[in-house]
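1. Fold the following.
(6 chains)
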Protein chains: 6
Amino acid sequence: MMNQISVFNTPAISDLPEDIRELILTVQEKSGFVPNVFLALARRPDEFRAFMAYHDALMERDSGLTKAEREMIVVATSSLNQCQYCVVAHGAILRIRAKNPMIADQIVANYRKADITERQRAMFAVKVAQSANEVDESDFDRLYAQGFSDEDIWDITSITGLFGFSNRMANVMSLRPNDEFYGLGR
Amino acid sequence: MMNQISVFNTPAISDLPEDIRELILTVQEKSGFVPNVFLALARRPDEFRAFMAYHDALMERDSGLTKAEREMIVVATSSLNQCQYCVVAHGAILRIRAKNPMIADQIVANYRKADITERQRAMFAVKVAQSANEVDESDFDRLYAQGFSDEDIWDITSITGLFGFSNRMANVMSLRPNDEFYGLGR
Amino acid sequence: MMNQISVFNTPAISDLPEDIRELILTVQEKSGFVPNVFLALARRPDEFRAFMAYHDALMERDSGLTKAEREMIVVATSSLNQCQYCVVAHGAILRIRAKNPMIADQIVANYRKADITERQRAMFAVKVAQSANEVDESDFDRLYAQGFSDEDIWDITSITGLFGFSNRMANVMSLRPNDEFYGLGR
Amino acid sequence: MMNQISVFNTPAISDLPEDIRELILTVQEKSGFVPNVFLALARRPDEFRAFMAYHDALMERDSGLTKAEREMIVVATSSLNQCQYCVVAHGAILRIRAKNPMIADQIVANYRKADITERQRAMFAVKVAQSANEVDESDFDRLYAQGFSDEDIWDITSITGLFGFSNRMANVMSLRPNDEFYGLGR
Amino acid sequence: MMNQISVFNTPAISDLPEDIRELILTVQEKSGFVPNVFLALARRPDEFRAFMAYHDALMERDSGLTKAEREMIVVATSSLNQCQYCVVAHGAILRIRAKNPMIADQIVANYRKADITERQRAMFAVKVAQSANEVDESDFDRLYAQGFSDEDIWDITSITGLFGFSNRMANVMSLRPNDEFYGLGR
Amino acid sequence: MMNQISVFNTPAISDLPEDIRELILTVQEKSGFVPNVFLALARRPDEFRAFMAYHDALMERDSGLTKAEREMIVVATSSLNQCQYCVVAHGAILRIRAKNPMIADQIVANYRKADITERQRAMFAVKVAQSANEVDESDFDRLYAQGFSDEDIWDITSITGLFGFSNRMANVMSLRPNDEFYGLGR
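-> Residues are numbered from 1 along each chain as shown, chains lettered A, B, ... in the order given. Below you'll find the predicted structure:
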């Protein structure tokens, strides 16, 4: 059971729809392995496609936030939600994006003490993840004061929200991080 | 400000990409009004498309859960997350789907006392929303005992997760429910 | 069981002491039905009388708070305490008092986003209900700044406290809201 | 300020309505002092009368719970709600009722470790005070198994609820315990 | 079982290592009884010695905090952690150190309403005990503003931490307070 | 400020008392660097000695728990308390003790999903750290059922408690993990 990818059944790559199989093979070629989240989500092709589309729309677009900053949000949110897969996998991506072998472990443990800027610490992922119901104008003002625009606030909120969603999925499915992630970018 | 749809700017329908404009006009024709969430999300066309694709993949598909049951999950999750838009809008949809004018208000106030079946009460949306990190085999066993399959558990988890995401978006944008929703299905 | 008023036994109106029977019949005449809370509490006549006396002393007296504002406090408190009876019944009363079909549902979902004034949002019912132990001078100052007097603060506190009490009673007895309440004032 | 009874103004005994003045003088004669709660509540005579009526209906009636057990509920609830007046004043009353100089301090610190019976530990005041919204049949079954009747459960709930209410009042008014209470019953 | 000192076995004084036996006999001579914590911890001599060394290094040293203030921190922390032994035993020591029969009961119930100075209320034991992970420069500034030095902040933190540790030990071992403590200093 | 060891001043090694200086130089020789906690605590020599004595009494003694298991408790507790220093430093020690490069990151993210045995998952560090006040016989029974003895339960409790203490110290002092720890044991 320990080495099982997910508590749900996982399709063979060869059984997947053409577009999903191609996407997965491209990722495998680029990364050297297939991150387990692809296999775990592929059992529902339409949802797989929607997740990937949403992910790319937020994480690959031009933004006032750097790609490393977007991964900081993912790692902070995933740590808060205790999602093992997301912490380990996106911790690796953050180390690579930020070219910093320590930053992910620091944010996972306590983002308040991490080697990040005051502006980065002000991204309110923790508030969105824990108490979005209490967000009001004063939060916007604090973010504006750090130079964030409305588009940046939208990005922070959306990334926190999308990964809060995948954190819940990964926890329920007991999604296992690939062994490869642990050492990447160190 | 009170009648503003969202704290973020909202595009004119006429400025939207063709596919999104058509979708919105179709909804308007069918419902008699344009639910504000469509206008609020349309400012980011790619994310709009991904959200709608994900929504439909979960809410319109054949499933072991009825459409009313899926709306119960949305309403319970949105109430927990204190999302005004989602509680009001999906409360209306639930009343219509369940052909029951009281069910939404009951679930919003305290789902434990609502006129739902034991099986429906066992859908673990509240646990997924609040502590997915603690989900384990015993939760699956409780759901299996009520006749839920792995596919049903996947649906419950995904619906709770997707709406937990849109609850956070709607709260940060202060998304205003259309006045039309309050009286629908009563 | 679904249509049972309370998990505790409920006396027949004809068996009640004269004064309580008369009160209930008057309410019935005025409202067109007997709200279930009257029947559920009447099994303990002395406590019934004390509750009604306390209720009227707070809710019917002249006050710096309008009757609608007092019902806002009841609805916000009852939503926080997840009391189905109180949310549904006092939601109806609030709609009528405020002549506003949307206000109750808005406050139930998230009072921070409701169509109420800044002054009304400042009534600190949520703090009294959740952390009265932390109330200090700074809370009084915030209320004074909105024009509330000491008498108003006493009213807010007492109403929050009394309904926090009846919320707990109603939850333990699984007090069922009358079907009539759901549509009133819409 | 330290020796002030309450942050709200307090009437002189001589200015009080006849019935309230008499009640207070009787208490003074019996106890040797006037507990501050009487003076603090007397500023609103109707509410004072309702509170006293409710209090006596619950605390002085014949019940399946001894008077000491009812005070245990008050002390446990008041400690949970961090109400200084109620902890100190009802701690004294409990010591006297139970003829036990240690019992109140034990319950205040951690009722789970107090010298009380398994049955007394099963009174679910903490659950009523903290999460009455989650009370269900299984709680009733646990209480029935300890020999509690429906009337006893009503009493436990009502006492917890009434004192949860007065805890909130006392905390907002910063009601000061009389010095006399600290040493009583030791 | 009620009069058992601890759920773990407790060594006879005569079986203890010389230095520990002597220490305990000295305490007994001075206090008139052996506080149960000494017997309960002595079963692990090395840990006993380390605990006493740490305790004395913090509680007996010259400090910007008076001995009474240090006991206030112990009592506030122990009340928060619901440690019966520590609340009862250190409540007694605080009464003696402060020469005040009421102060301990006040702090146990709600330190915010206790007869202590603004400076004493600012000692941030509750924050260290509950959310040390959120401590930042603004906390230091609040403490500096009350005249506390870095050494004082170190003392507050260490005392809160050490007693948070012994609170957990005492709760797991169900350490029983000696009857003698209840009346001391009253 | 980023590279500062602690917000408190840190003594030069050459200024330390002989015994402490020797201990630190021994550690440096063995590890190749001086872990920052030694320098940060050495400013108070008596407390330093007490901490080290307590640490060694628990972590170096013969025990029913392996050294790796004791480090698991430290890492789980420190993650819960969001102590960056302890998570990073003891994560490294755990990797080395367990000869497993992934185990620490897994426990930090969500110990429920880590590659540990059922018995290891049953060590109740999280309960001791979060709600020791609720520990009772049923917890002991669960631990006995996994083969843990009273001595093992004592060890689990003490290690959780001691590191809960040092977690609070490290968070208040913003103790910075040495860069060397991040890569050790991977």
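2. Around chain E, which positions in chain A sit nearby?
-> A:110, A:112 (CB under 8 Å from any CB of the partner chain). All C-beta spots, glycine's among them, are computed from the backbone N, C-alpha and C.
3. For chain C, give me its nearest residue in chain A.
-> Per CB to the nearest CB, residue A:133 is where chain A lies closest to chain C, at 5.5 Å.
4. Now do the same for that residue: its pLDDT.
-> With respect to pLDDT, residue A:133 scores 98.
5. Sketch out the low-pLDDT regions of chain A for me.
-> Scanning chain A for pLDDT under 70 picks out the ranges A:1-3.
6. Longest helix in it, by number of residues?
-> In chain A, ranked by residue count with DSSP state H as the criterion, the top helix is helix A:150-173.
7. orientation of that helix relative to helix B:150-172 in degrees?
-> Orientation of helix A:150-173 against helix B:150-172 (axes from the mean of the first three to the mean of the last three CA atoms, to 10 degrees) gives an angle of 160 degrees.
8. interface residues of chain A facing chain F?
-> Contacts of chain A with chain F, taken as CB under 8 Å from any CB, map to A:2, A:78-79, A:82-84, A:87-88, A:91, A:101-102, A:105-106, A:108-110, A:113-115, A:171, A:174, A:176, A:179, A:182-183, A:186.
9. Tell me the buried residues in the longest helix of chain A?
-> A:150-173 (16 or more other CB atoms under 10 Å in any protein chain shown).
10. repeat for stretch A:87-106
-> Across stretch A:87-106, burial judged by 16+ other CB under 10 Å covers A:87-98, A:100, A:102-106.
11. just stretch A:48-57 next, same as before
-> A:48-55, A:57.
12. Also within reach of chain B: list those from those.
-> Answer for the buried residues of stretch A:48-57 near chain B (CB under 8 Å from any CB): A:49-51, A:53-54, A:57.
13. now these as CSV including secondary structure and distance to residue A:14?
-> Output for those, formatted as CSV (DSSP: H, G, I helix; E, B strand; the rest coil; distance: CB to CB, whole Å):
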residue, secondary structure, distance to residue A:14
A:49, helix, 19
A:50, helix, 23
A:51, helix, 21
A:53, helix, 24
A:54, helix, 26
A:57, helix, 29
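14. Let me see the contact set for the residue nearest the centre of chain A.
-> What sits nearest the mean C-alpha location of chain A, by CA atoms, centre = their mean, is residue A:74, with 4.0 Å. For residue A:74, the contacting residues are A:86, A:90, A:93-94, A:159, A:163, by CB atoms under 8 Å, 6 or more residues apart in numbering or on different chains.
15. The longest helix of chain A - contacts with which helices or strands?
-> Secondary structure elements in contact with helix A:150-173, counted by 3 or more CB pairs under 8 Å, 6 or more residues apart in numbering or on different chains; DSSP states H and E, are helix A:36-41, helix A:45-59, helix A:67-80, helix A:84-98, helix A:125-131, helix A:137-145, helix B:125-131, helix B:150-172.
16. so it versus helix A:84-98, what angle?
-> 140 degrees.
17. Ramachandran angles for the residue of chain A found nearest chain D?
-> For chain A, the residue closest to chain D is residue A:133, as judged by CB to the nearest CB, at 17.5 Å. Torsion angles at residue A:133 (phi, psi; degrees, to the nearest 10) stand at phi -60, psi -20.
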